[in-house]
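> sequence and predicted structure, then a few things I'm wondering about:
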Amino acid sequence: MDLLRVILVCGVAAAHAGLLTGHDDGWLAIFGLGILRSVVPAFAVVSGYGVYQTVRRDRLKGWTIGLLLLYLIWCVIYAPLWLRDVGSVADLVRMLIMGPAHLWYIAALLQSIALMLVLFALIGDRRRATRAILLIAVAFALLDGVVQYGVLLQLLDPGLAVFHSGALYLFPFVAMGYLLAHVMDGRGRDFLPPAPWLWLGVIVLSVLRLVEAIYFASLSSGDKLIAPEFPLLAYAYPLVVVLAFMRLRMPQPNVDLVTLSAMIYLMHLGVIVAVMYAGVNDLWVNFAASVLIPSVLVVATPGIPWMGFRQRKRATA
């Protein structure tokens, strides 16, 4: 699924390039709401799948500490962009918990993993803990849906929408990937539906997501950021996309795609801001720069492990 990681982070970069340059209306807005909106959930499913593999190797605690350090380092790197919004210690703590800018994903992933670690510690038995993960994921998904539609119908404070960018939103998708890996453990890819059916599902769900985006965009009074989703599509679409890519059999590339996807994700926002600061406001120039500059860095420095040392070590073992 390494190729899928790269495609998904490119989708994130495209979405942020559109938002920051102001090219987020018309068909771009519909494509963003319908398709690009699902790249983060799909990436969370992939992350959850990887969490299961890490749990199997009994390395989750160490891996989580490494992720936390990575998060803090990049919070410092991006500090000039978000520290201006911090007016007190409480604001600083809140910002670090929720995650500044695009780093909210790592913050929410850390919270999701922390919840899993607590469940493993309290329950002890991994199978029972897995059932608890499923139950909590369903509860979080239902609660997130209540928040989305409560804000849309003006029954809840719009400020609650902030929880749609946290563990409440992300944990169900992380759990989905974890449970998928659990079910597939020992069964392999042959357990999955045939590839043609999966790709047909991707096409059908993509069309439905675009129709959904058109519908909710007309209801959200121009505020695209709080447009809700139909729960079935919101959860089925990223899962089917991940399953379809799992059916792909591709040769191992010379470039470490794990490191490549991580660097694009971490660097893209800073590149967009730098390019815009230089006076370039074109959507496609900003998007291309946000992907190409991190990619050139990774390709030009193969001897530097960046975040992919362990991945490369396994590949050469």
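Happy to help now that I have it. All of these numbers come straight from a predicted model, not from anything done at the bench. Numbering: from 1, shown residues only.
> ok, and the closest non-adjacent residue to Leu20?
Ile272 (5.5 Å; C-beta to C-beta, 6 or more residues apart in numbering). C-beta coordinates here come from the backbone N, C-alpha and C atoms, glycine included.
> next one: Leu208
Leu233 is the one closest to Leu208 (C-beta to C-beta, 6+ apart), at 5.8 Å.
> what's the burial count for the one you found?
Leu233 has 16 neighbours, counted by other C-beta atoms under 10 Å.
> sticking with it, tell me its helix or strand.
Using DSSP states H and E, Leu233 falls within helix 231-246.
> tell me which other helices or strands that helix touches.
With contacts taken as 3 or more C-beta pairs under 8 Å, 6 or more residues apart in numbering; DSSP states H and E, helix 231-246 sits against helix 2-21, helix 39-56, helix 126-152, helix 167-184, helix 195-217.
> list the contacts of the second one.
Contact partners of helix 39-56, identified using C-beta atoms under 8 Å, 6 or more residues apart in numbering, comprise 1, 4-5, 8-9, 11-12, 15, 60, 63, 105, 109, 113, 116, 120, 126, 170, 173-182, 185, 234-235, 237-239, 241-242.
> what about the stretch 101-250 of the chain, any weak spots by pLDDT?
When the per-residue scores of the stretch 101-250 of the chain are filtered using pLDDT under 70, the ranges that remain are 158-164, 219-227.
> related to what we said a few turns ago, separation between the residue nearest to Leu208 and Arg37?
Look at Leu233 and Arg37: by C-beta to C-beta, to the nearest Å, they are 10 Å apart.
> who touches both of the two?
Common contact partners of Leu233 and Arg37 (C-beta under 8 Å, 6+ apart): Arg209.
> still on that earlier bit, alpha carbons of the helix holding Leu233, in CSV - could you do that?
As requested, C-alpha coordinates have been extracted for helix 231-246 and formatted as CSV (Å, rounded to 0.1, in the frame of the first residue of the first chain):
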residue,chain,number,x,y,z
PRO,A,231,-22.1,8.0,7.1
LEU,A,232,-22.3,4.9,4.8
LEU,A,233,-20.3,6.7,2.1
ALA,A,234,-17.9,8.3,4.5
TYR,A,235,-16.8,5.0,5.8
ALA,A,236,-17.3,2.7,2.8
TYR,A,237,-15.4,4.8,0.3
PRO,A,238,-12.0,4.9,1.9
LEU,A,239,-12.2,1.3,2.9
VAL,A,240,-13.0,0.1,-0.7
VAL,A,241,-10.2,2.3,-2.0
VAL,A,242,-7.7,0.7,0.4
LEU,A,243,-8.9,-2.8,-0.5
ALA,A,244,-8.6,-2.1,-4.2
PHE,A,245,-5.0,-0.9,-3.8
MET,A,246,-4.2,-4.0,-1.7
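> what's that helix in contact with?
Residues from elsewhere that reach helix 231-246 (C-beta under 8 Å, 6+ apart): 1, 3-4, 38, 41-42, 44-46, 49, 141, 145, 172-173, 176-177, 180, 189, 192-193, 195, 198-199, 201-202, 205-206, 208-209, 212.
> could I have the PyMOL command that selects the buried members from those?
The following PyMOL line selects those of those that are buried, judged by 16 or more other C-beta atoms under 10 Å:
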select buried, resi 1+4+38+41+42+44+45+46+49+141+172+173+176+177+180+192+195+198+199+201+202+205+206+208+209+212
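> returning to that earlier point: put together TSV for the helices and strands packed on helix 231-246, with distance to Ala278 on each row.
As requested, the helices and strands packed on helix 231-246 are arranged in TSV below (distance: least, C-beta to C-beta, whole Å):
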stretch	distance to Ala278
helix 2-21	13
helix 39-56	27
helix 126-152	37
helix 167-184	33
helix 195-217	32
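> looking at those, spot the one closest to Val299.
Closest to Val299 of those, according to C-beta to C-beta: helix 2-21, at 12.4 Å.
> counting contacts, what elements does the next helix-or-strand element following the closest one pack onto?
Of the helices and strands lying after helix 2-21 in sequence (DSSP H and E), the nearest is helix 26-34. Helix 26-34 is packed against helix 2-21, helix 195-217, with contacts defined by 3+ C-beta pairs under 8 Å, 6+ apart.
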